[in-house]
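Participant: Below are the sequence and a predicted model for it; my questions follow.
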Amino acid sequence: MATSNRQNAPKLDASCVAAYDHAVRRGVFTDSDIAEQLSCDAAEAVRIRTVLTQMRLLIFPGTDQPPVPANPEVAEAELSAHLEAGISERREQLAQIHRQMRSIAPIYVKYRQLHQSAPTVRLVEDPAEVRRELAAATRSCTSEAFTIQPGGGRSPEALNEAVARDTAMLERGVTMRILYQHTARANLATRTYTRKVTDLGAEVRTAEEIYERLIIFDRSTAFVPQERVGGRPPGAAIVTDETTVGHLWRMHDKMWLSASPYDPRDVEYTSTSEEIKTSILRLMATGLKDDVIARKLGMATRTCRRYMAGIMDELGATSRFQAGVRAAAQGLVKPEPSPQMDSGAADSN
């Protein structure tokens, strides 16, 4: 494994600044003079001299002569030149990697075209391998990335990992659309991430219900996650079949068109909060349990129950059944088809 040869830059603290100020006024830096001026011991004076020397703010005019203060602009140029040389070297290394890999990429493409054995749906069960595949797809994305994220706000760890990857795509001109559920608007980490990517041109919207997570790159590659079991991160199916990916894109594009634009700087949450309450009321009327309703809307069960209590209070209802009856009477929810009707329709098809 390669090791980094970077060295931490010395810290120019208040004592160093005061010592430099005194040396400039005196025209010379001596340990004893600085120790007396700053009321510090000899060891501290030596430390300050060492820091200022490393920062090129002290230079030695000759042998056995004390150091004298230097121009900070010259010191800045000297320190920057070394770092800029390292940056240029790494950029050249990066460009070389790109040239080499892109020069042999046609070999792989040709192989896949000649041997139509490459599956159009690959199941990757190892979450770490899914992340590698996702990172590779992100780097190769050239035009559009469409992400659908169900549930509430994502974890800070996941968003920290995503922000650098997504920023790189946006900076090279990739169009990015991200669809969350309404409940994600209340999540601080998600708002912070959203603010960063929207500043670079990403579009973000929210909807009341999203069924599954999905990521589509360039309308040609889709990542469809497996069902999550317990707390273990799921694997994913990587789909490259043109017909299937196109169907997934069109289906979710309709969801996008009906979603609400989300500006992370806008603290207004009233309209989407009302949509959430209407969704809860509709799902309550179907007889679903609290945890199922919460999962569908991407919120904690406790939060969902607070919404339910507020809804029942607004309707003057003492039970969920009574709330459903009063909501239907007031036209707040549409009647759901009965299970018998659904079953019959399925059988007829």
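Facilitator: Good, I have the coordinates.
Participant: Now do the strands in the stretch 151-300 of the chain.
Facilitator: 175-181, 203-207, 214-217, 221-225, 236-239, 260-261 (DSSP state E, counting those that start in this stretch).
Participant: Identify whichever of these lies nearest to Leu94.
Facilitator: Nearest of those to Leu94, taken as CB to CB: strand 214-217 at 21.9 Å. Yep, even glycine has a C-beta here, placed from its N, CA and C like the rest.
Participant: Sort out which residues of that closest one are buried, please.
Facilitator: Leu214, Ile215, Ile216, Phe217 (16 or more other CB atoms under 10 Å).
Participant: OK, contacts around the first one?
Facilitator: Right, the one you point to is Leu214. Listed by CB atoms under 8 Å, 6 or more residues apart in numbering, the contact partners of Leu214 are Phe146, Thr147, Ile148, Ala222, Phe223, Val224, Pro225, Leu248, His252.
Participant: again with the second one
Facilitator: Residues counted as contacts of Ile215 (CB under 8 Å, 6+ apart) are Leu134, Ala145, Phe146, Thr147, Ile148, Ala222, Phe223.
Participant: returning to that earlier point: would TSV of the strands of the stretch 151-300 of the chain with mean pLDDT and distance to Gly316 be doable?
Facilitator: TSV is the format used below for the strands of the stretch 151-300 of the chain (pLDDT from 0 to 100; distance: least, CB to CB, whole Å):
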stretch	mean pLDDT	distance to Gly316
strand 175-181	92	29
strand 203-207	90	30
strand 214-217	95	41
strand 221-225	93	42
strand 236-239	94	47
strand 260-261	88	29
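Participant: Output those in TSV; the columns should cover distance to Arg25.
Facilitator: Shown next, in TSV, are the strands of the stretch 151-300 of the chain (distance: least, CB to CB, whole Å):
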stretch	distance to Arg25
strand 175-181	55
strand 203-207	56
strand 214-217	62
strand 221-225	64
strand 236-239	66
strand 260-261	60
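Participant: Can you say which of the ones you listed is nearest to Gln96?
Facilitator: strand 214-217 (25.6 Å).
Participant: Parallel or antiparallel, which strands does that closest one pair with?
Facilitator: strand 144-148 (antiparallel), strand 221-225 (antiparallel) (DSSP bridges).
Participant: Format the ones you listed as a markdown table; extra columns: mean neighbour count and distance to Arg91.
Facilitator: Output for the strands paired with strand 214-217, formatted as a markdown table (neighbours: other CB atoms under 10 Å; distance: least, CB to CB, whole Å):
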| stretch | mean neighbour count | distance to Arg91 |
| --- | --- | --- |
| strand 144-148 | 20 | 25 |
| strand 221-225 | 19 | 29 |
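Participant: would you turn these into CSV with distance to Thr53?
Facilitator: Shown next, in CSV, are the strands paired with strand 214-217 (distance: least, CB to CB, whole Å):
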stretch, distance to Thr53
strand 144-148, 50
strand 221-225, 54
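Participant: Can you tell me the SS state at the residue lying closest to Arg165 once chain neighbours are set aside?
Facilitator: Distance criterion CB to CB, 6 or more residues apart in numbering; nearest residue to Arg165, sequence neighbours excluded, is Thr138 at 5.1 Å. Reduced to three states with DSSP: H, G, I helix; E, B strand; the rest coil, the structure at Thr138 is helix.
Participant: Ranking helices and strands of this protein by mean pLDDT, which lands last?
Facilitator: Here the helix or strand of the chain ranked lowest by mean pLDDT, DSSP states H and E is helix 339-348, holding a mean of 38.
Participant: what residues are up against Phe217?
Facilitator: With contacts defined as CB under 8 Å, 6+ apart, the neighbours of Phe217 are Ala137, Thr138, Ser140, Cys141, Glu144, Ala145.
Participant: err, Asp291, not the other one
Facilitator: Thr301, Cys304.
Participant: Please tell me how far it sits from Met169.
Facilitator: 36 Å (CB to CB, to the nearest Å).
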